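A.B. asks: please work out how this folds:
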Amino acid sequence: AIAFDHYVVKAALKDNVEEVNYLYNHFKNRAAEGIVLKQGQDKISSDESKVQFIDVAIDKDLNNDYEIIKKDNKLTLKANSKKTLYWLYYQYFQALSENDSKIKGEDLPPAIVNFKESKKVKFVFNYREPYLKANMAKDYDVIVNTNNVENDWGIWGHQLFNFVNKNPKNDFYSTVNGQLNKNQLCFGKPAMYDYLENFVIENFGENASSHQKFVICPADNDLVCTCIACAKLGNTKANASFSVIALVNKLAIRFPNHQFFTIDYITVKTPPTKPMPKNSGIIISSINIPRKVNMDSNNPSVKEFASKVDNWHKVCPTVYVWDYISNFDDYLTPFATLSVCKTNFEFYKKLNINGIFANGAGYDYSTFNEVHTYVLAALMLDSTLDVNLLVNRFCKYYYGKCGQLVADYINGLENVMQTKKVNLELYSGVKKMTATYLNKKEFFDFYNATADMKIGETDEIDYKLSQLHTGLIFSAMQINLASGFDEQFGFAKNQNNQLEINNDFKNEYDTFTEKFKTKDIFIVREHDGNVTNYLKDVKTEIIDANLQKNLLDKNDLKVTSPLDEDYTDASLLTDGIPGLPFDYHSGWLIVSTADLTAEINGIKETGLFRFKLNFLLDEHLKMRAPEKIEVAVNNAIVKTIMPTIEMSVNAKKVILETSINLNSSDKVKIKIYRNKTYKKFACDEIYLYK
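C.D. replies: Just a heads-up that it's a prediction; the model follows:
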């Protein structure tokens, strides 16, 4: 933006009074006295060559999202909505501040709009939401021009089920197998329509100025209402599409100024045969698409997604994507998501997707969420922008003098994604991350650098850097645990058949325990991820535990049954590293392909030996104790171990053990039978003690 001596906001007309006043007041607050003036109110210099005249307007019939018109010293800003116009103001303030020291814009993120010439711009997507903590900050959605579930939706996700449960009536609930089932909703009876009609009117109104979005979808399970009304509409035991879409259509017709969506998810999967109303929409999950920078258009999941989008486009005027931008099993370890998102956004653009809800860590702190929010917001406006450049500019703004160091690390992760054919997994532990995009040495170099970043530039920047380092302590601990007894990165060493915890790991534990609350870091993952539970497990299972060395090693125990594709490392069963009940990624071998059978060799002496096996119980993960364990000696079963506890709602470890007399020449076999309900288990260790 070109600097002038003075900036004059042109006088308002009848239809832009609010917009003119907003510009004048906010612009004036960012300038020295007498620099920003208002036509018809302030005295203006007769030498107009040194004056920038600014005119603004909202034009809902604009074919683009915004226009910049430059002619001599006159600047006109037009937008098709108030929010986009105000965003354009902030873009102008920040861009101008870089060339005009009279204008303050250091509190604003870097502008992505160039004001040097006239232009007409249409955004890539109409709805743009990075569901991250930074996007939840008051008014930030205006500054970066994003959407926000709190502001833009009257009902979001599966909220309808929660709302109905506050004032329950039997007619609101489903009929499954001829019986009332309150775990699912009925969309076919008049009661649900009446409830929603009243809900919309009472909370959001129905006049021409009322504009709100609503998601009408079933509860998050595979139950379907097959009452007489729903069955008549077409519902089957596995498909609720017909009653749900009928209700969406009815509401859309009743409230033409609001917009009604459903989600293509579980039981809603069949597009209607007739076109839906113009104010209806569908949200389609991208969960099955591989997360790679180099997307393979011939991948079956990609082709299936594209076909689904095309089928909905034929009957539904608005199609949004429910996308994914975080590692939902680890919010704190750096996640190289930006380049993958850029690839996906370009793909969605080709499919004529109208909007994106990019599901992330939401209200919880996640590492680099501020950077990710800014970059993703920019890419949703213009997917051709350069990721590395956006990261560089934002980090310098956000982290001050340390910004380049942070940017270099983030861009290093992104460069791995850009140059290697790495698939980014949405539910992943550090073992998988360090095997793909996260280099251990580079991480610890950056981690150690962040510990020394407090430079006194401002209290705000010091807090940001301290918060960043505190979150990374969790990652450091997780990498240490996954690295076992590795000399450089491990958490412990084997000392005289006892496991000795390294001082670095103990210090990390102490520091994280001390700082997590003051740095607003309370959750480490999507489900049941409370930091205090993690620290409790680390203390119980590692810090305070008497960790004896397992007499078995990877050469002594040979698994003879097939293992799961993602869990082929049988050495987990003899590495001496306890698994944390909190984290199924940490030290556990998950077995679901077949019952586990193993042979034990290398028993070097005769005597009474104790076998101890640890299993993870967690109903959320469908992890239960094994049905039973058989120990055979010389092909004869000598012990059968039955679990005393099969299941637990909250994650916990169950220990199954027995004692057996063995000779050095004995051939020992163990068979672990999977639970009959879920047919899988997680075991962290098969211990043999003398």
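A.B. asks: what about the helices in the stretch 451-600 of the chain?
C.D. replies: For the stretch 451-600 of the chain, helices defined by DSSP state H, counting those that start in this stretch occupy the ranges 459-482, 503-515, 531-538.
A.B. asks: actually the stretch 201-350 of the chain, sorry about that
C.D. replies: Going by DSSP H, counting those that start in this stretch, the stretch 201-350 of the chain shows helices at 228-233, 241-254, 300-313, 338-350.
A.B. asks: shaky segments in the stretch 251-400 of the chain?
C.D. replies: Counting by pLDDT under 70, the stretch 251-400 of the chain contains no low-confidence range.
A.B. asks: could you dump the helices of the stretch 451-600 of the chain to a markdown table with mean pLDDT, mean neighbour count and distance to S297?
C.D. replies: In short, each C-beta sits where N, CA and C put it, glycine included. Formatted as a markdown table, the helices of the stretch 451-600 of the chain follow (pLDDT from 0 to 100; neighbours: other CB atoms under 10 Å; distance: least, CB to CB, whole Å):
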| stretch | mean pLDDT | mean neighbour count | distance to S297 |
| --- | --- | --- | --- |
| helix 459-482 | 96 | 21 | 34 |
| helix 503-515 | 97 | 15 | 44 |
| helix 531-538 | 97 | 18 | 40 |
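A.B. asks: adding distance to I263, write those out as a markdown table.
C.D. replies: Converted to a markdown table, those look like this (distance: least, CB to CB, whole Å):
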| stretch | distance to I263 |
| --- | --- |
| helix 459-482 | 31 |
| helix 503-515 | 37 |
| helix 531-538 | 31 |
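A.B. asks: got the contact list for the residue nearest to the spatial centre of the chain?
C.D. replies: Nearest to the mean C-alpha position of the chain, by CA atoms, centre = their mean, lies G360 at 2.2 Å. For G360, the contact set (CB atoms under 8 Å, 6 or more residues apart in numbering) comprises 130-132, 324-326, 366, 369, 372.
A.B. asks: returning to what we had before: of all the helices of the stretch 201-350 of the chain, which one comes closest to T146?
C.D. replies: When these are compared by CB to CB, helix 338-350 sits nearest T146, at 13.6 Å.
A.B. asks: give me the sheet partners of the next helix or strand after that closest one and which way each runs.
C.D. replies: Per DSSP states H and E, the first helix or strand lying C-terminal to helix 338-350 is strand 355-359. Sheet partners assigned to strand 355-359 using DSSP bridges are listed as strand 127-131 (parallel), strand 318-324 (parallel).
A.B. asks: how many neighbours does the nearest residue to Y567 once chain neighbours are set aside have?
C.D. replies: Distances taken as CB to CB, 6 or more residues apart in numbering place I590 nearest to Y567, at 4.8 Å, with adjacent residues excluded. If you count neighbours by other CB atoms under 10 Å, I590 ends up with 19.
A.B. asks: likewise for G400?
C.D. replies: Around G400 there are 19 other residues, counting by other CB under 10 Å.
A.B. asks: quick one: it is in a helix?
C.D. replies: Yes - G400 sits within a helix when classified using DSSP: H, G, I helix; E, B strand; the rest coil.
A.B. asks: that one against I461, yeah?
C.D. replies: Yes - the pair G400 / I461 is scored as a contact, 4.5 Å apart, by CB atoms under 8 Å.
A.B. asks: element containing Y409, please.
C.D. replies: Counting by DSSP H and E, the element that carries Y409 is helix 403-419.
A.B. asks: contacts for that helix, please.
C.D. replies: By CB under 8 Å, 6+ apart, the surrounding residues in contact with helix 403-419 are 292-293, 334, 336, 338-340, 368, 371, 387-388, 391-392, 394-397, 399, 422, 424, 436-439, 442, 446, 449, 453, 468.
A.B. asks: quick one: contacts for the residue lying closest to K278 once chain neighbours are set aside?
C.D. replies: With CB to CB, 6+ apart as the criterion, K278 has its nearest non-adjacent residue at 5.2 Å, and that residue is P317. By CB under 8 Å, 6+ apart, P317 lies in contact with 275-281.
A.B. asks: recalculate using a threshold of 10 Å.
C.D. replies: For P317, the contacting residues are 252, 259, 275-282, 354, by CB atoms under 10 Å, 6 or more residues apart in numbering.
A.B. asks: same thing with T333?
C.D. replies: T333 makes contact with 327, 366-367, 428-430, 433-434, 438, 443, 471-472, 474-476, 478-479, 524 under the criterion CB under 10 Å, 6+ apart.
A.B. asks: what about it, distance to M417?
C.D. replies: In this view, T333 and M417 are 15 Å apart by CB to CB, to the nearest Å.
A.B. asks: what of L185?
C.D. replies: To M417, L185 is 40 Å away according to CB to CB.
A.B. asks: quick one: low-confidence ranges for the stretch 551-690 of the chain?
C.D. replies: Ranges of the stretch 551-690 of the chain meeting pLDDT under 70: none found.
A.B. asks: which parts of it are strands?
C.D. replies: Assigned by DSSP state E, counting those that start in this stretch, the stretch 551-690 of the chain shows strands spanning 557-559, 589-591, 596-600, 607-617, 628-633, 636-641, 652-662, 668-673, 681-689.
A.B. asks: same question, the stretch 51-200 of the chain
C.D. replies: Using DSSP E, counting those that start in this stretch, strands in the stretch 51-200 of the chain cover 51-58, 66-71, 74-79, 119-121, 127-131, 153-155, 173-176, 179-185.
A.B. asks: and V248, which of those is closest to it?
C.D. replies: Among the strands of the stretch 51-200 of the chain, strand 153-155 sits nearest to V248 (CB to CB), with 11.6 Å.
A.B. asks: partners of the closest one in the sheet?
C.D. replies: Sheet pairing for strand 153-155, using DSSP bridges, gives strand 213-215 (parallel).
A.B. asks: give me the contacts around the strand it pairs with.
C.D. replies: Strand 213-215 has contacts (CB under 10 Å, 6+ apart) with 127, 147, 149, 152-160, 196, 199-200, 204, 248, 251-252, 255, 258-263, 279, 281, 283, 318, 320, 355.
A.B. asks: now S428. Nearest residue, chain neighbours left out?
C.D. replies: Once flanking residues are discounted, S428 sits nearest to N327: 5.5 Å by CB to CB, 6+ apart.
A.B. asks: how about that neighbour, what does it touch?
C.D. replies: Applying CB under 10 Å, 6+ apart, the residues near N327 are 333-337, 360-361, 366-367, 424-430, 432-433, 525-526.
A.B. asks: just the buried residues from the residues you listed, in PyMOL please.
C.D. replies: Entered in PyMOL, the line below selects the buried ones among the contacts of N327, by 16 or more other CB atoms under 10 Å:
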select buried, resi 333+334+335+336+337+360+361+366+367+424+425+426+428+429+430+432+433+525+526
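A.B. asks: fine by me, thanks again.
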